[in-house]
Structures are given as structure tokens and as C-alpha cells.
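[1] Return a 3D structure for these sequence lines:
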Amino acid sequence: MKWVTWLIVILIFITALVVGGFVGIGFFLSPQDELEKADAIVVISGGETKQRVTEAVDLFKTGWSPLLIMSGAARDEKVSNAEAMQQIAVSLGVPKEKIITEEEAENTLDNAKFVRDIIKDQKFTKIILVTSPYHQRRAYLAFTKALQGLPVKIINHSSTDSIWRKNGWWQDDWARYLTWSELQKTIYTWALPDRSI
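    Reported below is the predicted structural model:
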């Protein structure tokens, strides 16, 4: 009888670990830091770009930083993602001269690599990194690796997403796809050698 009790306890413990790990994936992918004033707000193009830009503009207008950096190359459109983001920000009241565009990055690793050059040239020491919540951990890892050797603090602050939630991502097919895809890409980015970006 005693072994049955132990078996039940072990099964409950394993179940709690599995459920906790499953739920925790969303929180792992979406780290959020307490806001601090920074030299620049870096916005990465990608899924739901308008939400990302809108969040960055709100931070700018609230006084968290005097400058925006928009990063992203052209895809199918004639203008780059960075320029399209700049246009959104200007339409929301940000002066064009307060926006730096980086128009070469085609993926997250490129975002980090090319924005690093801007950060280094401008001698920035603190940035607020804005992207979609499911993309935040991977972006943070990429920027951490790219900025290695520079005295730069990265503050994570996600925009909202119309579907994905860190608590409840498993309730929607698209959110589940995003989560598993991001988890794989995050592990890949984490495994890259530190100086490979």
C-alpha cells in the first residue's frame, strides 16, 4: 500500500513539472524588464509591425527615449520595412529626424548585427528593445551576442499581439505554431557561438 502512495506522489510531481514547463514556455519566450530611460528604442520589423511601432511611439512620447531605431529590409514592397515603420511613426507624431532607419536586415540576427553598428557609432549605452512578445527572447539573445564587448544594457519591452498570449498560447492554432517555431529558433540562436553575429 505504501508503494501505491509513493507512485501517486511521483505521478503528481511529474505531471506538475510537465504542466508547469508547458505553461512556462510562454513566459520564457516573452521576458519583460522594468522600463528605464534609454538612448534609443530599437524596433524590429516582422509580425504585426504596426503594433510594434505603436508601442515604440508610445514609449517615445512618454519620454523613455529621445530616439527611435527602425530595423528591417524590403521584402515584397518597394520600400524597406524600416522606412514603412518610419512612415507609421511619423504619422503618429514622431518627428522624422528622431528616427534612424536600418534597411539591410533580413532576419533577427541581421537586425542585431546592423543595429550594433549604429549603437557603436552613436556610443549608446542603453536601449529598449521592442518586438512581438513571442519574439522577445530570441531578439534579446541575438542582440546580446551582437553587442558583446560593448557596454550596452538591453531592456526588454514587447508590443502587444492580436493572438499570442504568454499565458494561454496553447488555446489557438496559430499561437501554438508561433510558440513552437519561436522555441526552436530561440534554441538555435542560443546555441550560436557568441561572436558569430
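
[2] A112 and A146 touch, don't they?
    Yes. A112 is within contact range of A146, at 3.7 Å (criterion: Cβ atoms under 8 Å). Quick note: C-beta positions are derived from backbone N, CA and C, even for glycine.

[3] And the two? Which one has more around it.
    In terms of neighbours (other Cβ atoms under 10 Å), A112 is the more surrounded of A112 and A146; the figures are 27 against 24.

[4] Show the contacting residues for the more buried one.
    139, 142-143, 145-147, 197 (Cβ atoms under 8 Å, 6 or more residues apart in numbering).

[5] and what of Q86?
    70, 96, 99, 101.

[6] If we use 10 Å, what do you get?
    Residues counted as contacts of Q86 (Cβ atoms under 10 Å, 6 or more residues apart in numbering) are 43, 53, 68, 70, 79-80, 94, 96, 99-101, 103.

[7] Put the buried members of the residues you listed into a PyMOL selection.
    Here the buried members of the contacts of Q86 are turned into a PyMOL selection, burial being counted by 16 or more other Cβ atoms under 10 Å:
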select buried, resi 43+53+68+70+80+94+99+100+101+103
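
[8] Among the contacts of Q86, name the least confidently predicted one.
    Minimum pLDDT for the contacts of Q86 is recorded at V79 (87).

[9] Do I have it right that that one meets E103?
    Yes. Counting by Cβ atoms under 10 Å, V79 touches E103, with 8.9 Å between them.

[10] My read is that K145 contacts A139, right?
    No. Counting by Cβ under 10 Å, K145 sits too far from A139 to count as a contact (11.0 Å).

[11] Of these two, which one has the most company?
    Legend: neighbour count by other Cβ under 10 Å for K145 and A139, higher for A139 (25 against 20).

[12] ok, and the closest non-adjacent residue to the more buried one?
    Spatial nearest neighbour of A139, excluding adjacent residues (Cβ to Cβ, 6 or more residues apart in numbering): T131 at 4.8 Å.

[13] Let me know how buried that neighbour is, in neighbour terms.
    By other Cβ under 10 Å, 31 other residues sit near T131.

[14] what does the one 4 residues further on give?
    The burial count assigned to H135 is 25, neighbours taken as other Cβ under 10 Å.

[15] and A139, what does it touch?
    Shown in contact with A139 (Cβ under 10 Å, 6+ apart): 42, 44, 46, 108-109, 111-112, 129-132, 154, 156, 158, 186, 189.

[16] quick one: least confident of those residues?
    Across the contacts of A139, the smallest pLDDT goes to G46, namely 87.

[17] what's the spacing between that residue and Q171?
    According to Cβ to Cβ, to the nearest Å, G46 and Q171 sit 22 Å apart.
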